[in-house]
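Participant: 3D model of this:
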Amino acid sequence: MGGGIAVVGGIAVGVGVARVPAHRTVWSVVWFDVGFVVVVLGVLALVWALVLHLAHRHREQASTSASGHAGAVGSGTVDGQEWRPPVEPTALAKYLAEVNRTMAEHGFGPEAGGTALVKQPNDPTPSWEMLNGERVARYERNQGLFLVHDWVPSDAEDQVADVTIKLRQHGDGPLSRGDIRVVEYSLGPKFTNHSLVCASAADDFAIEVSMWGPMLCMAKVYFLDGRPPLVLDRYVDFPVDTSICSSAAASEPEGPDQAVCLANRLQDLIRRGRRIRANAVVSSNGSSGPIEIWEQDAAITLEDAQRHDLVARLERRDGADTARGMISGAWATRSRMDRKLALLSDVVRELDHRTTSDTRGANEQAAS
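Facilitator: Model prediction:
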């Protein structure tokens, strides 16, 4: 309706403009005056109609939302038909309670009166059957082939371990039958920017690499008969055996055995830290994931050795770092790591000197 009124007013305005006498304004023509008033009334009517429409639409949406929430748990309509959940809430609750009761009877859960590490179920559980099925399927997908690795401490500078990675055949399969042509290894860009290819089956297609930190190794196995290659993976790590150090720390925190263990662990940290210092990417604000992880490992190593005095020295802030950070966050972070590496090197020298002195004193005492 408002649009029609505006159109009529527009027509009258047009007539008024066409009949304006010479040397007179449009406001002196009645047609123009009446048409202008009618146009204004039409525009106001349009605005009012739009306001009413929006208010009505908002009220309908609010009503629909409320009814939707009310029917979320119960029933509703989909395409004009009544919809109900596939499983009734009460039936689902009974089913879950039955599952929990069954698991408790088999030694799992808080109702079992123990822990799953001690009690074992007497009968196969659904989860065990599923996992065992996946285990058997993994054998079949891999054709019994797996990646394995072993390692020894490395004598190479800035390296921690000399690692051997190779194939291992479970039962009879491509490796034992001699069906493999070549194996392609990928260790990631921080180790090599190209694949390592081994075509020798003499040692199960083994490769030997020196590493400063753990990583994920991917291997692609190519077969002689042209079948699709098989991709295997192995997380290659070389954890330090800290059981001796832990027992020494518990019985004799300042003894020679603990000093030797701590010195060895700190030397590994220093080698790894120098490699990280040279290769880690540091953002403009000074953050760097590899450096921060290394700093946490260093603090944990010292805490495990009950050397809280060294932890405090390691985490002590240097006022110069703040000034460097105002110029470059990366500069401040690398300087902080240089300071921590120097501290650990000093601690290793101190421990070595103490161990040597203790050994010399023990030998002199034994000789006397």
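Participant: I'd say Phe238 and Met211 touch.
Facilitator: Yes - in this structure Phe238 lies within contact range of Met211 using C-beta atoms under 8 Å: 7.3 Å. Every residue, glycine included, has its C-beta placed from N, CA and C.
Participant: can you pull the buried residues of the helix or strand containing Val348?
Facilitator: Following DSSP states H and E, one finds Val348 within helix 329-367. Of the residues in helix 329-367, 329-337, 340-341, 343-344, 347-348, 351 count as buried by neighbour count, 16 or more other C-beta atoms under 10 Å.
Participant: Can you name every helix or strand that that helix contacts?
Facilitator: helix 256-279, helix 289-304, helix 308-315, helix 319-327 (3 or more C-beta pairs under 8 Å, 6 or more residues apart in numbering; DSSP states H and E).
Participant: and Met130, which of the ones you listed is closest to it?
Facilitator: Set against Met130 and scored by C-beta to C-beta, these come closest in helix 289-304, at 34.7 Å.
Participant: and stretch 222-232, what's its mean pLDDT?
Facilitator: The average pLDDT within stretch 222-232 is 95.
Participant: Buried residues in it, which are they?
Facilitator: For stretch 222-232, by 16+ other C-beta under 10 Å, it's Tyr222, Leu230, Leu232.
Participant: Wait, a strand at the first one?
Facilitator: Yes - Tyr222 forms part of a strand when assessed by DSSP: H, G, I helix; E, B strand; the rest coil.
Participant: who's it bridged to?
Facilitator: Judged by DSSP bridges, the bridge partners of Tyr222 are Val182.
Participant: hang on, isn't it packed against Asp179?
Facilitator: No - applying C-beta under 8 Å as the test, Tyr222 and Asp179 come out as separate, 10.2 Å apart.
Participant: ok, Thr164 - contacts?
Facilitator: Taking C-beta atoms under 8 Å, 6 or more residues apart in numbering as the criterion, Thr164 is in contact with His149, Asp150, Trp151, Ala206, Ile207, Glu208.
Participant: I'd like the next helix or strand past the helix or strand hosting it.
Facilitator: Using DSSP H and E, Thr164 sits in strand 161-169. Going down the chain from strand 161-169, the next helix or strand is helix 174-177, by DSSP H and E.
Participant: avg pLDDT for that next one?
Facilitator: Per-residue pLDDT values across helix 174-177 average out to 95.
Participant: Could you shift the numbering so residue one becomes 435, and keep it that way?
Facilitator: Got it, first residue is 435 now, which makes that one helix 608-611.
Participant: how many other residues sit next to Phe470?
Facilitator: Phe470: 17 surrounding residues under other C-beta atoms under 10 Å.
Participant: ok, now Val586?
Facilitator: 10.
Participant: wait, what's in contact with it?
Facilitator: With C-beta under 8 Å, 6+ apart, Val586 has these contacts: Ala595, Asp596.
Participant: Can you check my assumption that it lies in a strand?
Facilitator: Yes - counting by three-state DSSP, Val586 is found in a strand.
Participant: and it, what are its bridge partners?
Facilitator: Going by DSSP bridges, Val586 forms beta bridges with Asp596.
Participant: Next, please give the residue ranges for the strands of the stretch 485-634 of the chain.
Facilitator: 510-512, 515-517, 579-587, 595-603, 614-620, 630-632 (DSSP state E, counting those that start in this stretch).
Participant: any weak-confidence spans in the stretch 685-802 of the chain?
Facilitator: Along the stretch 685-802 of the chain, the model assigns pLDDT under 70 to residues 685-692, 791-802.
Participant: Quick check, Leu621 in contact with Cys651.
Facilitator: Yes - in this structure, Leu621 is within contact of Cys651 by C-beta under 8 Å, at 5.7 Å.
Participant: can you count the residues close to Gln603?
Facilitator: Per other C-beta under 10 Å, the neighbour tally for Gln603 reads 17.
Participant: ignore the last one, Ala590
Facilitator: Per other C-beta under 10 Å, the neighbour tally for Ala590 reads 12.
Participant: Good, we can wrap up now.
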